[in-house]
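[1] sequence first, then the predicted structure, then my questions.
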Amino acid sequence: MAQAHTPPPRHSTIARLHRIKKWHVNHKEDHPLEYQIWDVMLTFWVMGWIAWVPAMALDAPWAYPLCIAGVCLPGLYMRLRLRAHESLRLRCDWVDEIR
């Protein structure tokens, strides 16, 4: 039976990020590079959220785009991976975790 196509998520929720992280932890031995890449994505996400306060306190407007990029990076990564998965260029085993 064919699975219905569902559109990729438009935004990242903490629950969705957690489900993907949990999948990566459970499959760390099978997908070590993907595990490390997801850790980098989450690191940028946390850095993006935390850096807002110092950027504003130190009046560093040059840091604002970096904060926005860090916050948006995991969602962008998920959308790119899903697009590659749907076009059969790259298999994404954690796709069921976010739908």
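    On my side now, so go ahead.
[2] alpha carbons only for contacts and neighbour counts from here, please
    Noted.
[3] would you quantify the distance from the residue positioned nearest the centre of the chain to G48?
    By Cα atoms, centre = their mean, the chain has its centre lying nearest to P74, at 2.4 Å. For P74, the distance to G48 (Cα to Cα, to the nearest Å) stands at 11 Å.
[4] next: K22.
    K22 is 21 Å from G48, by Cα to Cα.
[5] likewise R83?
    R83 is 24 Å from G48, where distance means Cα to Cα.
[6] neighbour count for these two, which is higher?
    Of the pair R83 and G48, G48 is the one with more neighbours under other Cα atoms under 10 Å, namely 21 against 16.
[7] picking that back up, how many other residues sit next to the closest residue to the residue nearest to the centre of the chain other than its chain neighbours?
    In space, and not counting its chain neighbours, P74 is closest to M41: 5.3 Å by Cα to Cα, 6 or more residues apart in numbering. Neighbour count of M41, defined by other Cα under 10 Å: 21.
[8] was I right to think M41 contacts L76?
    No: in this structure, M41 is not within contact of L76 by Cα atoms under 8 Å, at 9.7 Å.
[9] may I see the buried residues of the least confident helix or strand in the chain by mean pLDDT?
    None of the helices or strands of the chain scores lower by mean pLDDT, DSSP states H and E than helix 14-26, at a mean of 89. With burial defined by 16 or more other Cα atoms under 10 Å, the residues of helix 14-26 counted as buried are 16-17, 19-21, 23-24.
[10] over to stretch 39-56?
    Neighbour-count burial for stretch 39-56 [16+ other Cα under 10 Å]: 41-42, 44-45, 48, 51-52, 55.
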